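**Q** My questions concern the predicted model and sequence given below.
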Amino acid sequence: MTPQTPSSSGSEEAKVPPKSAEERLMVAVRIRPLKSDEPQRTLYAASKKSVVIEDDTDKNDVLRHKRGADKQYSFDVVFSENTSQEEVYEVTTSSLVKDVLNGYNATVFAYGATGAGKTHTMVGDPSAPGIMVRALNDLFNAVKDKQDQYSVTMSYLELYNEQIRDLLNPASGYLELREDSRGRNIQVAGLSEISTTSTNEVMLLLQKGNKARTVEPTAVNKTSSRSHALLSVTVKHSIPLDKKSHLRMRIKQGRLFMIDLAGSERANKTKSRGKRLQEGAHINRSLLALGNCINALSEGARYVNFRDSKLTRLLKEALSGNCRTVMIAHVSPSLGQKEESRNTLIYADRANNISNKVERNIYDVSYHVTQYQTVINELKNEISRLQTKMTEERPRSAAPVRLNTMERNKEVRLLREQIVATFKEQMKLRRKLMEIDSHLLGLGMDAERQHLVISHWESRNNKLYKNNINQSRAQTQQSLRRKMKNEGFRSADNVGHETADEGSDGEIEGESAVQQAWGELADIEREQERWSELRTLIEQKLEDCRQRGVALEDKLPDVLSSDDEREILALMCRVHELEADKMALQSERLVRQHELRRRDLVILRYDRQRQLCEEIITRQRQLMEENKLKLPYDLQELYQIYQQEIHAATYADYSVSPIVSPDKLPPISKIYSDPIFRKSVSTADLSGADGTPPSSADSDDLIAGNSNLGNVDNFMGHPVSRPGLSMRLPPLQPPSPGLAPRSTENTDQNLRRAISQDSIATNKN
Ligand SMILES: Nc1ncnc2c1ncn2[C@@H]1O[C@H](COP(=O)(O)OP(=O)(O)OP(=O)(O)O)[C@@H](O)[C@H]1O
């Protein structure tokens, strides 16, 4: 959603425009129509962006009237009483749906007093469907014809009396809200996430959920929602990064939350007693917590207490995280609801000041050969089991035909659909597992890089890192504490009196690099733990799904009676087989890619060795020339053959004849300055941009994988020389496929620092 221009608030003050990286919460106000039993109006839409609450003092009181006691509030948009459901959806939510398809998170929530029209806006009725129905419809229509690229899951929960219930599976009882130690990643354990791409199915699910919701009549609203309802739809878009195979994918994942809050209420107005009263108290408590959060956020408070209620914990991301959020505040125009309407407008006005940092959720994943092979084997087993069931097993009992043809056909069709559905679900879960494995692999590589930084530092300090990881971690922490203490002492005593024994800048830099590496490593370990847990969960789901499939297949022999039916199921198996074959082909391609990468590495190594030989020969020849040594004939011949070989390989494609005479002993390395040679030797950045022979510093840039870093020869002000090598050597590591989304820049710098420290130490010695 492109946020609308910020409007002035209730106090009519101009607002500071939001920072470019941030997006302000959009606030809309909807006024519901006056009811027949509500004789007097007190509130109206003054324009498309403002609402007026009339002063209810005597209109004949001229003096007071003149003072302009009517209060005007301005918002991003104000919907008057006769605004259609469609318009409300178009203005507030339709753009959010597009955003979600593009990988953004978005939330739209309805806020307001009881009976103000929240459920009408969010759910509506069959003749005037609300936001939830329209958004789901648009989402599913958008992905309808691209089911291979999109996966959509939905969940629907209610928060009733501070208890969470799954509206799609109410039998599951109360569910627990979980979050990590930092209060992030809030999840409802055991909530059903239903995966579907059928609009009809999703509408049925929504209806089912709405029926399960707790609704009771009160004096204010005959169908008062006694709970907060949260509908969540997650859309995952997988885009292949290599055109032919699906081995590397770019994933865009967006989530849309649609929330119908319960309305705040006054017990004397709702005439609530007993259970209703208790519900009202819970509703009010959670809305109060929400109000407090809105207050704190609108004032830019550094600490906002989301922990006061489950509602605020669930809304945390929408109010302060990576999420585009729209609040639709609902008000009644009735004089009898004036206080409630005023309160709603005040909170809506405050919410106008809240902004979120919004970014797209995009990440790349690569699938790996071994993962593919396991999946393919498992798929093949499934298929062969299914085939056995079809061909070998006849109906167990020579059962009389129990059902008529139509019923039987229906049964077979149903069974077939169920088997296909479980198969598809299995494929999806297997892909998910592969994604998780890929991510874990990426994390493992990240961890490896950090270990490398640390082990470099440790080896410089003559410690054996691998045997003493825990000890090393403790030592670094100890040294960090020592350093902090020193710094505290220094700052207290006024900096500028540093003594020589405090170590060189290089040591301090090295130490901070290693400390950073330990920090990164701890983060990576935590993330590894989280992803491993997720893996276990998906594995469990896959096993459940597989069991379901087996149970369905067991029914096959009983229902298949004609050869036609067997034929249809055989075709179905064929489709599955083809799917497995497709995966096998993808895997083969991956194997070939790996092989090519491995060979590239071997070539690079040979090339490096050859360059070293060239350098040695060149220097020897220089020495011979300088000392006027006569070459023995056989050596001369060898030089000649060698030179011809090199030039034949180098110039083959360019038809440039080498003019080199072995008698005059031109240095062989002269060929390095020839651009054609350099081009042919390697496409992997072997030469400097200006055509000069690359330096060892360039080589380090390659090792560190970052050619933008500064010159290592002058790293941290220290001259660093690399004896013996005047030419650039290609990196020994092949470029790793774009696996992990984590940034490696810091690691690279740290690694370079650690390596540079080594050289400094070598030079000093
Ligand atoms: N814009 C509207 N147009 C027509 N009828 C409306 C509109 N808004 C609300 N209503 C009607 O007003 C009544 C109360 O609305 P609704 O149930 O949506 O209120 P609510 O804010 O969800 O209340 P609660 O918090 O008690 O659940 C319903 O009968 C609803 O159909």
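**A** Received, thanks.
**Q** List phi and psi for the closest residue to the ligand within the stretch 301-450 of the chain.
**A** In the stretch 301-450 of the chain, no residue comes nearer to the ligand than H330, which is 5.6 Å away by C-beta to the nearest ligand atom. For every residue, glycine as well, the C-beta is placed using N, CA and C. Here is the backbone geometry of H330 (degrees, to the nearest 10): phi -110, psi 140.
**Q** That one and A318: what is the separation?
**A** Counting by C-beta to C-beta, to the nearest Å, the separation of H330 from A318 is 17 Å.
**Q** Could you list the residues of the protein in contact with the ligand?
**A** Applying C-beta under 6 Å from any ligand atom, we find that the chain lies next to the ligand at 32-33, 112, 114-120, 221, 223-225, 262-263, 330.
**Q** Show only the entries of the residues you listed found in strands.
**A** Under the assignment DSSP state E, the residues of the chain next to the ligand contribute 112, 224-225, 330 to strands.
**Q** Give me the neighbour count for the closest residue to T199 other than its chain neighbours.
**A** Closest residue in space to T199, ignoring its immediate chain neighbours: F140 at 4.1 Å, by C-beta to C-beta, 6 or more residues apart in numbering. The burial metric for F140, expressed as a neighbour count using other C-beta atoms under 10 Å, is 22.
**Q** likewise the one 4 residues further on?
**A** The number of residues packed around K144, counting by other C-beta under 10 Å, is 12.
**Q** That one against T199, yeah?
**A** Yes: distance between K144 and T199: 7.3 Å, which falls inside the contact criterion (C-beta atoms under 8 Å).
**Q** coming back round to it: can you give me every residue that contacts the residue lying closest to the residue of the stretch 301-450 of the chain closest to the ligand once chain neighbours are set aside?
**A** In space, and not counting its chain neighbours, H330 is closest to G112: 3.2 Å by C-beta to C-beta, 6+ apart. By C-beta atoms under 8 Å, 6 or more residues apart in numbering, the contact set of G112 is 118, 261, 263-264, 329-331, 340, 344.
**Q** did I read that right, E525 in a strand?
**A** No: going by DSSP: H, G, I helix; E, B strand; the rest coil, the assignment for E525 is helix, not a strand.
**Q** wait, what's in contact with it?
**A** Contacts for E525 were tallied using C-beta under 8 Å, 6+ apart; they are A447.
**Q** now it: how far from V97?
**A** Between E525 and V97 the distance is 38 Å, computed by C-beta to C-beta.
**Q** Show me where the stretch 251-400 of the chain has its helices.
**A** For the stretch 251-400 of the chain, the helices identified by DSSP state H, counting those that start in this stretch occupy 267-270, 274-298, 310-320, 338-351, 369-391, in order along the chain.
**Q** Kindly report the same for the stretch 1-150 of the chain.
**A** Taking DSSP H, counting those that start in this stretch as the criterion, the stretch 1-150 of the chain contains helices spanning 62-66, 85-92, 94-101, 118-122, 131-143.
**Q** The last one packs against which elements?
**A** Identification of packing neighbours for helix 131-143 by 3 or more C-beta pairs under 8 Å, 6 or more residues apart in numbering; DSSP states H and E yields helix 85-92, helix 94-101, helix 118-122, strand 150-160, helix 199-212, strand 228-240, strand 248-260.
**Q** what angle separates the fifth one from strand 248-260?
**A** Just to be clear, that refers to helix 199-212. Note on geometry: by axes from the mean of the first three to the mean of the last three C-alpha atoms, to 10 degrees, helix 199-212 and strand 248-260 are set 40 degrees apart in direction.
**Q** who touches both of K144 and T199?
**A** When contacts are counted by C-beta under 8 Å, 6+ apart, K144 and T199 have no shared neighbour.
**Q** circling back to that earlier point, which of H330 and A318 has more neighbours?
**A** It is H330, of H330 and A318, that has more neighbours when counted by other C-beta under 10 Å, with 29 against 24.
**Q** if I pick the residue in the stretch 51-200 of the chain that the ligand sits nearest to, what's in contact with it?
**A** Minimum separation of the stretch 51-200 of the chain from the ligand (C-beta to the nearest ligand atom) falls at G117, amounting to 2.8 Å. The neighbours of G117, taking C-beta under 8 Å, 6+ apart as the test, are 30, 32, 330, 332.
**Q** what sits opposite the third one in the beta ladder?
**A** Applying DSSP bridges to H330 yields these beta-bridge partners: R30, G112.
**Q** Residue numbering should commence at 20 henceforth.
**A** Sure thing, new numbering starts at 20, so read that last one as H349.
**Q** list the contacts for it?
**A** Contact partners of H349, counting by C-beta under 8 Å, 6+ apart, are 48-49, 51, 129-132, 135-137, 140, 363.
**Q** Under the pLDDT cut-off, which ranges of the stretch 370-519 of the chain? List them.
**A** By pLDDT under 70, the low-scoring segments of the stretch 370-519 of the chain are 382-399, 401, 403-423, 457, 461, 464, 468, 475, 477-519.
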